[in-house]
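Trainee: Sharing a model prediction with you, sequence too.
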Amino acid sequence: ATIRAATLRLIPLDPEPVRVGGKAVRGELELRPGSAAVVIVNVVNLEEYLRGVVPAEMGPRSFPNLDALKAQAVAARTYAVAHLGEHAAEGYDLCDSQACQVYEGAGAEHPLTDRAVRETAGEIVTFQGRPIDAMYHSTCAGHTEDAVALFPQRAQPYLAGVPCRGERVLSAGTQAPTGPWLGSL
């Protein structure tokens, strides 16, 4: 059979995740013609989307603290709300990479991050009545930068550089290295 349409929506008959390439996803799939191949868009509600983002951005095995994961859930939700439609020209709202937020789909889901998403459902951070541009990062080198230095078009008073605690001090061999650049956690 031949189907001619601008888009084709596939709706799974059961709630189990569907595999697309190497990724298991929930929700519906929309197939669109692309310049080189078919573009597959995962159509999923915000809270289900976050179940695949929060563990990918802040792994519950490395950071098993529920409150930290709740903060990540709120930041990720806020970022998503603030950036909805940013990729409308490409036919979707958000990409699934570090350029937006890493979305690993159902394969990344974890009970602790699912709980963090559920317990913060609908919560976002606002500034002057609008969702903030909740930019976040995975590592800190002692001090963050004012966002305007890297993203002039995204300058906001709440995106000011601040001191931050280093991740972890790693030692090699039997003696821990010392020096003014090492701090304690």
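Mentor: Cool, the structure landed. Since we're looking at a predicted model, the values are computed, not measured.

Trainee: Enumerate the positions of the longest helix along the chain that are buried.
Mentor: The longest helix of the chain (DSSP state H) is helix 66-83. Buried residues in helix 66-83, counted by 16 or more other Cβ atoms under 10 Å: 69-83. For the C-beta atoms, the positions are set from N, CA and C on the backbone; glycine is no exception.

Trainee: can you list contacts of that helix?
Mentor: Here helix 66-83 makes contact (Cβ atoms under 8 Å, 6 or more residues apart in numbering) with 46, 49-50, 53-54, 57-58, 60, 63, 93-94, 100-101, 112-113, 115-117, 119-120, 122-125, 130-136.

Trainee: The residue nearest the centre of the chain and Val38, how far apart?
Mentor: In the chain, the C-alpha closest to the average C-alpha coordinate belongs to Gln101, at a distance of 3.3 Å (Cα atoms, centre = their mean). Using Cβ to Cβ, to the nearest Å, we find Gln101 at a distance of 24 Å from Val38.

Trainee: Check Pro157 too.
Mentor: Using Cβ to Cβ, Pro157 is found at 43 Å from Val38.

Trainee: repeat for Tyr158
Mentor: Taken as Cβ to Cβ, the span from Tyr158 to Val38 is 40 Å.
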